[in-house]
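In: Structure of the sequence below:
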Amino acid sequence: MKNNRKLVLFIAASLDGYIAAKDDSLDWLYKVEGEGDNGYSEFYETIDTVLMGRRTYDWILKNVTGNFPYKDKECYVFSRSVTEDNVEVKFVKDNIVGFTNKLKQQQGKNLWIVGGGELLRSFLKEKLIDELILTVAPTLIGNGISLFKEDNFHLELSLKGIKRFNQFVEIHYEVQK
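Out: Residues are numbered from 1 along each chain as shown. So this is what the prediction gives:
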């Protein structure tokens, strides 16, 4: 029996495609009136593994108070520098394609790529992403950290669904392989 474990991007962005301001601030995002947790809990139940880049991990450590937010999930941080695993995360320096494909072949729920930037760019370029769930905020911030980096890749997407959470719109796409 083949496992259908998918790598899913679940992220919020401004209407003009930014996931954070230049100073890594998300203040613009918190000003938008949502509904409940904007679908986060429902999505979170569909995954058991979290993948993120080092920059996202460092941002979480600096900006999230209380417990590590993904304590109940297997969590991997891709980093070019050697870092020792801890109780919350395992650091990965291996080839991301081989490592990710091995995870996708294991039994379990879906995998979540948290954050954007360079790691997302690598996943997209290597066609590792299976679904994109993008929650769009009705805000233009003009500049900052772009969700999608410029690169030489092309992906065809198929619309799976649209949901509205008050002022947010969630657009769910599946990557055509």
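In: going forward, measure contacts between C-alpha atoms and count neighbours the same way
Out: OK.
In: which residues does the residue nearest to A21 when sequence neighbours are not counted contact?
Out: Spatially, and ignoring its direct neighbours in sequence, A21 is nearest to G144 (4.1 Å; C-alpha to C-alpha, 6 or more residues apart in numbering). Residues near G144 by C-alpha atoms under 8 Å, 6 or more residues apart in numbering: 18-24.
In: Look up how far K160 lies from G144.
Out: G144 sits 28 Å away from K160, going by C-alpha to C-alpha, to the nearest Å.
In: which of the contacts of G144 sit farthest apart?
Out: Y18 and D23 (12.1 Å; C-alpha to C-alpha).
In: the more surrounded of those two?
Out: Neighbour totals were compared for Y18 and D23, and Y18 leads with 23 against 8 (other C-alpha atoms under 10 Å).
In: That one against T139, yeah?
Out: No: with contact defined as C-alpha atoms under 8 Å, Y18 does not count as touching T139 (9.7 Å).
In: For the chain, which segments are assigned as strands?
Out: Secondary structure of the chain by DSSP state E: the strands cover 7-14, 18-20, 47-53, 74-78, 90-92, 110-114, 131-137, 145-146, 157-165, 168-175.
In: Mind checking those strands for the one nearest to S41?
Out: Nearest of the strands of the chain (C-alpha to C-alpha): strand 47-53, 10.5 Å.
In: Point out the other elements, helices or strands, that the closest one touches.
Out: Contacts defined by 3 or more C-alpha pairs under 8 Å, 6 or more residues apart in numbering; DSSP states H and E place strand 47-53 against strand 74-78, strand 110-114, helix 118-125.
In: let's go with 6 Å and repeat that
Out: Secondary-structure packing of strand 47-53 (3 or more C-alpha pairs under 6 Å, 6 or more residues apart in numbering; DSSP states H and E): strand 74-78, strand 110-114.
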